[in-house]
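Trainee: structure for this input, please:
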Amino acid sequence: FEDKELSLNYDKLFFSGHSFGGATMAELAVQDKRATGVLLLDPWFQASNENILFTPINKPVLSLRSDAFEKWRGIRWNIFQYGEVNKKKGLSGYFKNSVHNSSTDLLILLPRELVLIKKIKSMKTIQNEIQDHALLTRVFLQTVLEYKEGEKVSIQAQVLERFRAELKEAQREDSLMLDE
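Mentor: So this is what the prediction gives:
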């Protein structure tokens, strides 16, 4: 990027965070009108103001939790509740077999270590999780940026259609489990 001139629009921002950072971004998106969309990666709302779970942000939201959090009732309920409140403009779900660190750089930095300590099943699992998260995130961001208010097809439907088309083209299995 050093030899490129970048133009930034500070009036249209995407907020993204993982774990406690995801919960923080959810709170910030309610307060900051510049938010264009929100990407929450395994948000952990335990330390947040409980009101955030019941406050819609009225912006496109992609909230991905881990399969591991599905087993923790309190955490799952909080994330699911947030997804319910924001489902009009959002997608909420998880990838099968994902863990809390699936959406962090630990998968890239410490792959063998995560397999050795049995946090991840195999190197192939790591590769699949990185590809799944990256693809869905990219498709979500592109769709929100290209979306025109008043379109007949919702952002959610467009994201899912594009995501699944790219998976099919790459001959990859769809492991995304959406909340209904």
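Trainee: can you confirm Leu39 is in a strand?
Mentor: Yes. Using DSSP: H, G, I helix; E, B strand; the rest coil, the assignment for Leu39 is a strand.
Trainee: what's the closest non-adjacent residue to it?
Mentor: Nearest residue to Leu39, sequence neighbours excluded (Cβ to Cβ, 6 or more residues apart in numbering): Ser16, at 4.0 Å. For glycine as for every other residue, the C-beta is placed from the backbone atoms N, C-alpha and C.
Trainee: right, and the one you found touches Asp42 too?
Mentor: No. Ser16 is beyond contact range of Asp42, at 11.8 Å (criterion: Cβ atoms under 8 Å).
Trainee: compare those two (neighbour count), which wins?
Mentor: Asp42 (25 against 17; other Cβ atoms under 10 Å).
Trainee: quick one on the thing from earlier: which neighbours do Ser16 and Asp42 share?
Mentor: Gly22 (Cβ atoms under 8 Å, 6 or more residues apart in numbering).
Trainee: low-confidence ranges in this structure?
Mentor: For the chain, the stretches flagged by pLDDT under 70 are 1, 73-77, 104-126.
Trainee: that older thread, do you know how far the residue nearest to Leu39 is from Glu151?
Mentor: Note on Ser16: its distance to Glu151, by Cβ to Cβ, to the nearest Å, is 24 Å.
Trainee: equivalent analysis for Glu173, please.
Mentor: From Glu173 to Glu151 the distance is 29 Å (Cβ to Cβ).
Trainee: what's downstream of the longest helix seen in the chain, the next helix or strand?
Mentor: When the chain is parsed with DSSP state H, its longest helix is helix 123-146. Past helix 123-146, further along toward the C-terminus, the next helix or strand under DSSP states H and E is helix 155-169.
Trainee: angle of that following helix against helix 123-146?
Mentor: Computed by axes from the mean of the first three to the mean of the last three Cα atoms, to 10 degrees, the angle separating helix 155-169 from helix 123-146 equals 140 degrees.
Trainee: need the residues that contact helix 155-169.
Mentor: 60, 62, 89-91, 135-136, 139-140, 142-144, 147, 173-174, 176, 178.
Trainee: just the buried residues of the residues you listed.
Mentor: 60, 62, 89-91, 135-136, 139-140, 143-144, 147, 176 (16 or more other Cβ atoms under 10 Å).
Trainee: which pair of the residues you listed spans the longest distance?
Mentor: Lys89 and Leu135 (20.7 Å; Cβ to Cβ).
Trainee: quick one: buried residues of stretch 54-74?
Mentor: 55, 57, 59-70.
Trainee: now, these that are in helices?
Mentor: Those of those mapping onto helices are Asp67, Ala68, Phe69, Glu70, per DSSP H.
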